[in-house]
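**Student:** Below is the sequence, then the predicted model.
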Amino acid sequence: MNIILVTTEIVPFSKVGGLADVMGALPDELEKLDCNVSVFTPLYSSIDRKAFNVRAVRGLSKLEVPVSGKKERFRIRSALKPGTGITVYFVDSDRFYAREGIYTVPDTGAAYEDEGERTIFFNRAVVTAMKALDLHPDVVHCNDFHAGLIPAYLSLEDSSTSRFQHTGTVFSIHNVAYQGNFPQNFMAKAGFDPSLFTHMSPFEFWGKVNVMKIGISFAGIISTVSKTYADEITTSKEFGYGLEGVLRSRRDDLIGILNGIDQNVWDPSTDDLIPFPYDAENLAGKKRCRAELLKAYKLPADTKTPLIGMVSRLVDQKGFDILAKAFDSLMKLGVKIVILGTGQEKYHELYTNLAAAYPKQFGLKLEFNNRLAHEIEAGSDFFLMPSRYEPCGLNQMYSLRYGTVPIVRATGGLKDTITDLNRTGSKGNGFTFKAYNSRSLIAAVKKAITFYGNKAVMDDVRGRIMREDHSWLKSAKEYRALYERARRRIGLELTR
């Protein structure tokens, strides 16, 4: 099958969150399953064109698309995804991408004022480029609202003349909270007939245009990143963020596929980003990584009490509100905590104050640091993810790979991947709590501390969870089946 992935971030070219990791790993595995994969993504100014050998595509330097009634010119450039034969096509526009940041203004964290026009531009540019490149995809896989208009553009084209009349579409929801809501005049800006904006139509959402709703409504198949999250977003307003009814109406076409991890990148036996390698049979290196991590955060060295790590955006979704309420109690338990990440200013201030209050137990670094992220996974005893909601989550799987026992709230992908350890440590792979409050979080940490006291059992658990398979292969097979289903939906006979 010929598959086109459309994404606004992809490792190693660009990254804000987990979407980039998914898009960086999935194409490689699909190629192993006899799929011919290519990718479309923006060419941000932060992408090193020389390092990645990004080159112009001959004849595609003067393309244009209408946005808000004006012609926006762009170029298509391309590069091979490092280590593969997969072509990544870059949409190159000085107006929309020659700026710092990907989704937001770096200094303020606010969305760009022209976010609506950027969304329209990218979607129209991808459709135009596919035609200019003479591509004939069997399936176009669109990710999150930033690519949510493409299924509508393909569906509303004149079917008798459209090259896409036999193309299936998949729309993946990586986080339903980010939907792309814009004023009604977005319809005209995007080139849609304003008469389509009627009450309860795919284009109308409480008097506005909701791009994610458009993607959900027009895509042949919808996917999201875990089975539990697929259930949560159709049954609860808390998780569905207002789109639960729309998603419920398409429940038969909504599939949850758990993300995998790149076990070549996340492998403590070969990871050159950690100071000492180790594996499931020999954990000596992990203990040395722990000592180095404490040094990096200028915390006293000891092995009597556990070290809990977090690598996360400091935002409401990730549970930093209930963690703050639990913090004094956790410090009284004697644990040490290290946190890496950036996010909302209120949490920057709050946790900076906590670091000052507990200088011997709590270390904080408000930055993006990939090396340190690996060091935290390797050096921590436990990894904390108290999320309010978590569509999939990757860090809990990274933690398992590094023998770092997860402590998580049982929601979304965290619920699908982490089960409670029994008393002997022979079953389960972590600690979970259900209620979203500080009391439940503290109780889970107390269980972990008790477990930590038995070093022999703890080492046995570490070795066992490190052997779990959370690679992309199984997930890629499910995506391939999803693409076959998208093709069947348009009446094509599959060629296997």
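**Tutor:** Done, it's in.
**Student:** Next SSE downstream of the longest strand along the chain?
**Tutor:** Longest strand in the chain, counting residues (DSSP state E): strand 70-80. Under the assignment DSSP states H and E, the closest C-terminal helix or strand after strand 70-80 is strand 87-92.
**Student:** Quick one: mean pLDDT for that following strand?
**Tutor:** Averaged across strand 87-92, the pLDDT comes to 98.
**Student:** And stretch 21-38, by the same measure?
**Tutor:** Rounded mean pLDDT across stretch 21-38 is 95.
**Student:** CA atoms of that stretch as PDB?
**Tutor:** Below are the C-alpha coordinates for stretch 21-38, written out as PDB (Å, rounded to 0.1, in the frame of the first residue of the first chain):
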ATOM      1  CA  ASP A  21       7.900  10.300  18.500                       C
ATOM      2  CA  VAL A  22       5.000   8.400  17.000                       C
ATOM      3  CA  MET A  23       5.600   9.900  13.500                       C
ATOM      4  CA  GLY A  24       9.300   9.200  13.800                       C
ATOM      5  CA  ALA A  25       8.900   5.500  14.600                       C
ATOM      6  CA  LEU A  26       5.700   4.400  12.800                       C
ATOM      7  CA  PRO A  27       6.900   4.900   9.200                       C
ATOM      8  CA  ASP A  28      10.000   2.700   9.700                       C
ATOM      9  CA  GLU A  29       7.800  -0.200  11.000                       C
ATOM     10  CA  LEU A  30       5.300   0.200   8.200                       C
ATOM     11  CA  GLU A  31       8.000  -0.100   5.600                       C
ATOM     12  CA  LYS A  32       8.900  -3.500   7.100                       C
ATOM     13  CA  LEU A  33       5.300  -4.500   6.500                       C
ATOM     14  CA  ASP A  34       5.400  -3.800   2.800                       C
ATOM     15  CA  CYS A  35       4.000  -0.300   2.900                       C
ATOM     16  CA  ASN A  36       5.500   2.500   0.700                       C
ATOM     17  CA  VAL A  37       5.400   5.400   3.100                       C
ATOM     18  CA  SER A  38       6.100   9.100   2.600                       C
END
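**Student:** Next, the buried residues of it.
**Tutor:** Residues 21-31, 35, 37-38 are the ones in stretch 21-38 that count as buried (16 or more other CB atoms under 10 Å). (Glycine included, C-beta is placed from N, CA and C.)
**Student:** Check stretch 241-252 too.
**Tutor:** Buried-residue list, stretch 241-252, by 16+ other CB under 10 Å: 241, 242, 243, 244, 246, 247.
**Student:** Stretch 166-173 too?
**Tutor:** Judged by neighbour count (16+ other CB under 10 Å), stretch 166-173 contains these buried residues: 167, 168, 169, 170, 171, 172, 173.
**Student:** helices or strands up against the longest strand of the chain?
**Tutor:** strand 55-56, strand 63-67, strand 87-92, helix 115-132 (3 or more CB pairs under 8 Å, 6 or more residues apart in numbering; DSSP states H and E).
**Student:** Parallel or antiparallel, which strands does it pair with?
**Tutor:** Strand 70-80 pairs in its sheet with strand 55-56 (antiparallel), strand 63-67 (antiparallel), strand 87-92 (antiparallel), by DSSP bridges.
**Student:** tell me the angle the last one makes with helix 115-132.
**Tutor:** Orientation of strand 87-92 against helix 115-132 (axes from the mean of the first three to the mean of the last three CA atoms, to 10 degrees) gives an angle of 130 degrees.
**Student:** mind listing the helices in the stretch 201-350 of the chain by residue range?
**Tutor:** 211-218, 227-235, 237-240, 244-249, 284-296, 320-332, 345-357 (DSSP state H, counting those that start in this stretch).
**Student:** Which one of those lies nearest to residue 66?
**Tutor:** Closest approach to residue 66 among these (CB to CB): helix 211-218, 17.4 Å.
**Student:** now the angle between helix 115-132 and the closest one, please.
**Tutor:** Relative orientation of helix 211-218 and helix 115-132, computed by the same axes, to 10 degrees: 40 degrees.
**Student:** Averaged pLDDT, helix 211-218. What do you get?
**Tutor:** Average pLDDT, helix 211-218: 98.
**Student:** where does that helix sit relative to the chain's centre, distance-wise?
**Tutor:** Centroid separation for helix 211-218 versus its chain: 19 Å, with CA atoms, centre = their mean, to the nearest Å.
**Student:** so what's the closest residue to residue 211 other than its chain neighbours up against?
**Tutor:** Once flanking residues are discounted, residue 211 sits nearest to residue 180: 3.4 Å by CB to CB, 6 or more residues apart in numbering. Listed by CB atoms under 8 Å, 6 or more residues apart in numbering, the contact partners of residue 180 are 115, 116, 119, 145, 146, 148, 210, 211, 212.
**Student:** what do you get for residue 443?
**Tutor:** When contacts are counted by CB under 8 Å, 6+ apart, residue 443 touches residue 433.
**Student:** mind checking pLDDT for it?
**Tutor:** So, for residue 443, pLDDT stands at 98.
**Student:** Ok, the one 4 residues further on next?
**Tutor:** The predicted structure scores residue 447 at 96 on the pLDDT scale.
**Student:** How about residue 163?
**Tutor:** Listed pLDDT for residue 163 reads 85.
**Student:** That one contacts residue 131, correct?
**Tutor:** Yes: in this structure residue 163 lies within contact range of residue 131 using CB atoms under 8 Å: 6.6 Å.
**Student:** what about the chain, any weak spots by pLDDT?
**Tutor:** Confidence mapping of the chain against pLDDT under 70 gives the ranges 158-160, 491-496.
**Student:** and it, what are its domains?
**Tutor:** Here the domain parsing of the chain from automatic domain parsing is 2-260+473-489, 284-469.
**Student:** ok, the closest residue to residue 369 other than its chain neighbours - how many residues close by?
**Tutor:** Excluding the flanking residues, the one nearest residue 369 by CB to CB, 6+ apart is residue 340, at 6.3 Å. Counted with other CB atoms under 10 Å, residues neighbouring residue 340 total 23.
**Student:** how near is residue 340 to residue 452?
**Tutor:** Look at residue 340 and residue 452: by CB to CB, to the nearest Å, they are 22 Å apart.
**Student:** ok, now residue 328?
**Tutor:** 20 Å.
**Student:** How about the secondary structure of residue 384?
**Tutor:** Under the three-state scheme (DSSP: H, G, I helix; E, B strand; the rest coil), residue 384 adopts strand.
**Student:** If it is in a bridge, with which residues?
**Tutor:** Here residue 384 shows beta-bridge partners residue 407, assigned using DSSP bridges.
**Student:** And it, how close does it get to residue 390?
**Tutor:** Counting by CB to CB, the gap from residue 384 to residue 390 is 12 Å.
**Student:** Overlap of the contact sets of the two?
**Tutor:** By CB under 8 Å, 6+ apart, the residues touching both residue 384 and residue 390 are residue 408.
**Student:** Out of the buried residues of stretch 21-38, which is nearest to residue 470?
**Tutor:** Closest to residue 470 out of the buried residues of stretch 21-38 is residue 25 (11.3 Å), distances taken as CB to CB.
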